[in-house]
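Peer 1: Just the structure for this:
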Amino acid sequence: MINQDFIRQSTGFFSPRSRANTLSRLLHTDPPLLIGILLLCSFGLLILNSASEGSAMVVQRQAIVMTIGLVVMFIVAQFNVHFFRQWAPSLYIAGLALLVLVLFIGAEVNGAKSWLDLPGLPRFQPSEIMKFLVPMLVAWYLSSRPLPPGFKHLFWSAVMVLLPAGLIIVQNDTGTAIMVAMSGIFVVLLAGIRWSIVITGFIALLLASPAWYLFLAQEHQKNRILTFFDPYRDPTGAGYNIIQSQIAIGSGGVYGKGYGNGAQSHLDFIPESNTDFILAVLAEEFGLLGVVFLIGLYLFVLFRGFYIAWSGKDTFSRLLAGSITLTFFFYVFVNMAMVSGLMPVIGLPLPLISRGGTAVITLFVGFGLLMSIHTNARRRIH
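Peer 2: Model (predicted):
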């Protein structure tokens, strides 16, 4: 007689749900996170097609970049999270070396000398890879120390964060420098730093901001601050982008003007309409409902990232996953606030929606790390 338990187990193994679970385990993927990412990519290509006025070349290039990003994500996910913990210092030093190399042989694009053109390699931004190398190193350092961290450990964590951020600022890429610094700061905050230190640091930052503005800020940075407070002081110059963006967002109303019918973008009133200001295109054509739909997709990915961070099996995994998720949230928040006039313009794209190259690949590296943390972290390390 054939064993019925054996039959049930065999048929269960070949069921669609079982095959999906087995495949996700073999590929070290997190299906909910992957679904959220694919939905964002698809929606991003749809909006990019309109923002680029149906340019097949722009959309195809972005689709190729996203495909490469997905492949990179799957490759990163195959590595055990302890591999990244072991190699965090070496990877960080290599990233710093690339940042120093940029100062000598870097190529300048849009006023920022932050690109490397190396023989046999596509042009890339070393500053982008520091968005995950900095939190990886800080998480490596703090995970083997008593938490919450004391002053000594906070000092060395600050050095790890400020050193690459300072090198990126020298490259005249303030937006990326802020993102790199925040990715490391998020690790420190998640490590349980005392609120008194956080409040003291925030007050010190506020008190130092006038001195930075008067003595250290460059002229274009000062213009961005002044434009934030009054865009109409220079409506055809520094304030032009944000004014046209606000017009596009307001004219979209609740339901939008319809796909491909955005006057502000298609009549070229919005500069950088397929990069930094692509949200204005979305708001004009899809209205408030389209923006809410996009925010819903972002929230789905964010909550999944927070769940992965919460379920991490060791301190390093939890700190790194939490920082990656918060950095992604910061990306989204800053771009949306910037485009709507709630923050100064600092040149940050909208994740997985704006056109990009190295920045898009970097996002997928972060997602790969999240999947590695979720599927490979099996032992608790203190």
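
Peer 1: Isn't Arg123 up against Glu108?
Peer 2: No: with contacts defined as CB atoms under 8 Å, Arg123 does not count as touching Glu108, sitting 11.7 Å away. Where C-beta positions appear, they are placed from N, C-alpha and C, glycine not excepted.

Peer 1: got any residues that touch both of these two?
Peer 2: Trp115 (CB atoms under 8 Å, 6 or more residues apart in numbering).

Peer 1: Buried residues of the strand or helix carrying Phe202, list them for me.
Peer 2: Using DSSP states H and E, the element containing Phe202 is helix 195-211. Within helix 195-211, no residue counts as buried by 16 or more other CB atoms under 10 Å.

Peer 1: got the buried residues for the next helix or strand after it?
Peer 2: Next helix or strand after helix 195-211 toward the C-terminus (DSSP H and E): helix 219-229. Residues Gln221, Asn223, Arg224, Leu226, Thr227, Phe228 are the ones in helix 219-229 that count as buried (16+ other CB under 10 Å).

Peer 1: Take the residues you listed and lay them out in JSON lines including pLDDT.
Peer 2: Below are these laid out as JSON lines (pLDDT from 0 to 100):
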{"residue": "Gln221", "pLDDT": "74"}
{"residue": "Asn223", "pLDDT": "79"}
{"residue": "Arg224", "pLDDT": "78"}
{"residue": "Leu226", "pLDDT": "80"}
{"residue": "Thr227", "pLDDT": "81"}
{"residue": "Phe228", "pLDDT": "82"}
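
Peer 1: and the residue nearest to Gln221 when sequence neighbours are not counted, how far is that from Arg224?
Peer 2: Nearest residue to Gln221 in three dimensions, chain neighbours excluded: Thr174, at 6.6 Å (CB to CB, 6 or more residues apart in numbering). Using CB to CB, to the nearest Å, Thr174 is found at 9 Å from Arg224.

Peer 1: Check the offset of the helix holding Phe202 from the chain's centre.
Peer 2: 25 Å (CA atoms, centre = their mean, to the nearest Å).

Peer 1: the inter-axis angle of that helix versus helix 219-229?
Peer 2: Angle, helix 195-211 to helix 219-229, by axes from the mean of the first three to the mean of the last three CA atoms, to 10 degrees: 110 degrees.

Peer 1: any idea of the mean pLDDT in helix 195-211?
Peer 2: Here helix 195-211 scores 82 as its mean pLDDT.

Peer 1: Ile47 and Ala283 touch, don't they?
Peer 2: No: counting by CB under 8 Å, Ile47 does not reach Ala283; the two are 10.3 Å apart.

Peer 1: And the two? Which one has more around it.
Peer 2: Ala283 (27 against 22; other CB atoms under 10 Å).

Peer 1: ok, the more buried one touching Gly290?
Peer 2: Yes: with contact defined as CB under 8 Å, Ala283 reaches Gly290; the gap is 6.9 Å.

Peer 1: Touching both of the two, which residues are there?
Peer 2: Gly252, Gly256.

Peer 1: All the strands of this protein, in order from the start?
Peer 2: Assigned by DSSP state E, the chain shows strands spanning 107-109, 112-115.

Peer 1: on contacts alone, who are the packing partners of the first one?
Peer 2: Helices and strands in packing contact with strand 107-109 are listed as strand 112-115; criterion 3 or more CB pairs under 8 Å, 6 or more residues apart in numbering; DSSP states H and E.
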